[in-house]
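K.L.:
Let's see this in three dimensions:
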Amino acid sequence: MQIGFRAQILSPVQTWEISDGWLITPESKRVAFDRIMAARFSDGAFRGRFSIFFDLMTPDEMITIWCEDRLGGQDRRHCFVLLFAVLERLKSHNPELLVQRGPGVKTRSLMMAIGLIPAFSNLVFFVVTIKEGDYLSAIAIGLFSLLIAAFIIRGIAPGHEPPALTLEEFEVWLRDQKRI
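P.N.:
Just a heads-up that it's a prediction; the model follows:
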C-alpha cells in the first residue's frame, strides 16, 4: 500500500509505503511495526492551516508523519489515510502500545516559558504599583497575574498531559474529534 501527500503546500509529494510488517518512509527508511515502542499525536492550527504530527519512536530513532493543509484538504485526507493504516498495523504488531496526545516535554516547556512572560511582567507592574501606594490596583494586577500563571501551568506545563490512549481508544478519539 502506497500513500502520497505533500507535507506542506509547496513541498513535493512524499510517498509512504506499508509493506508486510514495515513502514517505509519517503527517504526509504524501513521501520518494523513491532519495533515501535511509543507514539505521540499532536495537532494545531495557524492562519487557516492545520498541522498534524504523529511521532513513532523505536529504540533507535523517531519517525514523524506530518502534514500541514487546510481542514478537509486532499493532502490532509491522504495523511489521515496513512495514519489509520499505521494504526491498523500497530494493533496487530504491537497491541499494547499507548498513544500520547499533545506536544512533547520540550515543546511544552518552551510554550510554558513563553506563556509565563506576561505573568512575570504583570508581577513587576504589581511591585511598582505597591511602591506607588496604589494597593487596590496592585491587588487586582497581582490576582490577574496569578490567574494567568495558573491557566498556563495547568494547560501546558510538563506533567499535565492528557492521559495516553490505547490504539483503539485513540482511533475512536481521532474520528470523534473531526480532525480529518
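
K.L.:
can you tell me how far the most centrally placed residue in the chain sits from residue 119?
P.N.:
With distances taken as Cα atoms, centre = their mean, residue 42 lies nearest the centre of the chain, 1.9 Å away. Distance of residue 42 to residue 119, computed by Cβ to Cβ, to the nearest Å: 24 Å. No exception for glycine: its C-beta is placed from N, CA and C like everyone else's.

K.L.:
quick one on the thing from earlier: isn't there a strand covering the residue nearest to the centre of the chain?
P.N.:
Yes: Residue 42 sits within a strand when classified using DSSP: H, G, I helix; E, B strand; the rest coil.

K.L.:
moving C-terminal of the longest helix out of those in the chain, what's the next helix or strand?
P.N.:
When the chain is scanned for its longest helix (criterion: DSSP state H), the result is helix 105-132. On the C-terminal side of helix 105-132, the closest following helix or strand by DSSP states H and E is helix 135-156.

K.L.:
elements contacting that following helix?
P.N.:
In terms of contacts (3 or more Cβ pairs under 8 Å, 6 or more residues apart in numbering; DSSP states H and E), helix 135-156 is packed against helix 105-132.

K.L.:
Counting by contacts, list what the helix it packs on packs against.
P.N.:
Using 3+ Cβ pairs under 8 Å, 6+ apart, helix 105-132 is in contact with helix 135-156.

K.L.:
For the helix it packs on, C-alpha coordinates in CSV please.
P.N.:
The C-alpha trace of helix 135-156 is given here as CSV (Å, rounded to 0.1, in the frame of the first residue of the first chain):
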residue,chain,number,x,y,z
TYR,A,135,-2.9,49.0,46.8
LEU,A,136,-6.2,48.3,45.1
SER,A,137,-4.7,48.3,41.6
ALA,A,138,-1.8,46.2,42.9
ILE,A,139,-4.2,43.6,44.3
ALA,A,140,-6.1,43.4,41.1
ILE,A,141,-2.9,43.1,39.0
GLY,A,142,-1.5,40.5,41.4
LEU,A,143,-4.6,38.4,41.2
PHE,A,144,-4.7,38.7,37.4
SER,A,145,-1.0,37.6,37.2
LEU,A,146,-1.7,34.6,39.4
LEU,A,147,-4.7,33.6,37.2
ILE,A,148,-2.6,33.9,34.0
ALA,A,149,0.1,31.8,35.5
ALA,A,150,-2.3,29.2,36.9
PHE,A,151,-4.0,28.9,33.5
ILE,A,152,-0.7,28.5,31.6
ILE,A,153,0.7,26.0,34.1
ARG,A,154,-2.5,23.9,34.2
GLY,A,155,-2.8,23.8,30.4
ILE,A,156,0.7,23.2,29.1
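
K.L.:
All set now, cheers.
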